[in-house]
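Q: Structure for the following, please:
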Amino acid sequence: MSGPAGATRPWRHRGTRTLVRDRWIHLRADAWETGGGRVLDPWYMLEWRDWVHVVALTPADELVLVRQFRPGAGAAILELPGGIMELEETDPVLAAAREFGEETGYDAARFTPVAGLWPEPAHATNRVHFVLAEGAVPAGGQRLDPGEEIAVELHSVSSVLAGLAAGALGTASHVGGLLIALRQAGRIDF
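A: Coordinates of the predicted model:
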């Protein structure tokens, strides 16, 4: 893969001011100097812990998905199950298995790492880890956190793929993770 002519020069970090910090997020205003010498201040950054998302396939080749209300969308949208890694968690696969069980009440025969990507590297510091869960089956009820309202839905792989352009999955980063995981599972080719 080739890029444009000329090299991109690194930026220099010139300072940070905390605007909001709580157990979930750290919002800061940074000062950066571009490679060309221009100062960008404020440059807003969000520090999150890493996230995990699970692409789960049942033995009947259905995807285990969740639907929950998202204030930014103003609607309940269909998503991959997942969430924020706990402070003590260092293995995205173990965190994904935990989140998957909590949100769906399912377990899987195999959990395999697929990709670790930056969801929004211009303004967020975290990575999102996609994990493929094969052989997903019910394994007890959901174990939701207080305030969580999550519906579990099974959808055929073909119906979800056919509906992607129309917004079948409401979160853009989930689409990429889904496609990469389905390729790894041998369900699609690109």
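
Q: domain parsing for this protein?
A: Taking automatic domain parsing as the reference, the chain has its domains at 12-47, 51-184.

Q: residue ranges with poor pLDDT in this protein?
A: For the chain, applying pLDDT under 70 flags the ranges 1-7.

Q: what about the helices in it?
A: Using DSSP state H, the helices of the chain run over 92-104, 157-163, 172-184.

Q: circling back to that earlier point, same list (the domains of the chain) but as TSV, adding distance to residue 190 and mean neighbour count.
A: Just so you know, the C-beta spots here come from the backbone N, C-alpha and C atoms, and that holds for glycine as well. Supplementary listing: those in TSV, determined by distance: least, CB to CB, whole Å; neighbours: other CB atoms under 10 Å:
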stretch	distance to residue 190	mean neighbour count
domain 12-47	31	12
domain 51-184	6	17
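
Q: that older thread, nearest to residue 60, of the helices of the chain?
A: In terms of CB to CB, the element of the helices of the chain nearest to residue 60 is helix 157-163, at 10.1 Å.

Q: tell me which strands and helices the closest one is in contact with?
A: Counting contacts by 3 or more CB pairs under 8 Å, 6 or more residues apart in numbering; DSSP states H and E, helix 157-163 is packed against strand 62-70, helix 172-184.

Q: looking at those, which is closest to residue 98?
A: Taking CB to CB, strand 62-70 is the member of the helices and strands packed on helix 157-163 nearest to residue 98, at 14.6 Å.

Q: what lines up beside that closest one in the sheet?
A: Using DSSP bridges, the strands paired with strand 62-70 are strand 51-57 (antiparallel), strand 75-79 (antiparallel), strand 151-156 (antiparallel).

Q: any idea which residue of the chain is furthest from its center?
A: Note on the chain: the largest separation between a C-alpha and the mean C-alpha position, by CA atoms, centre = their mean, falls on residue 37 (34.0 Å).

Q: Residue 16 versus that one, what's the distance?
A: Per CB to CB, to the nearest Å, residue 37 is found 20 Å from residue 16.

Q: same deal with residue 168?
A: Residue 168 is 39 Å from residue 16, by CB to CB.

Q: Then residue 63?
A: Distance, residue 63 to residue 16, by CB to CB: 40 Å.

Q: For the residue with the shortest distance to the centre of the chain, give the beta-bridge partners.
A: Central residue check for the chain by CA atoms, centre = their mean: the C-alpha nearest the mean position is that of residue 128, 4.4 Å away. Beta bridges link residue 128 to residue 51, residue 117, judged by DSSP bridges.

Q: swap in the one 4 residues further on?
A: Partner residues in beta bridges with residue 132, using DSSP bridges, are residue 55, residue 112.

Q: you'd agree it is up against residue 181?
A: Yes - taking contacts as CB atoms under 8 Å, residue 132 lies within contact range of residue 181: 4.4 Å.
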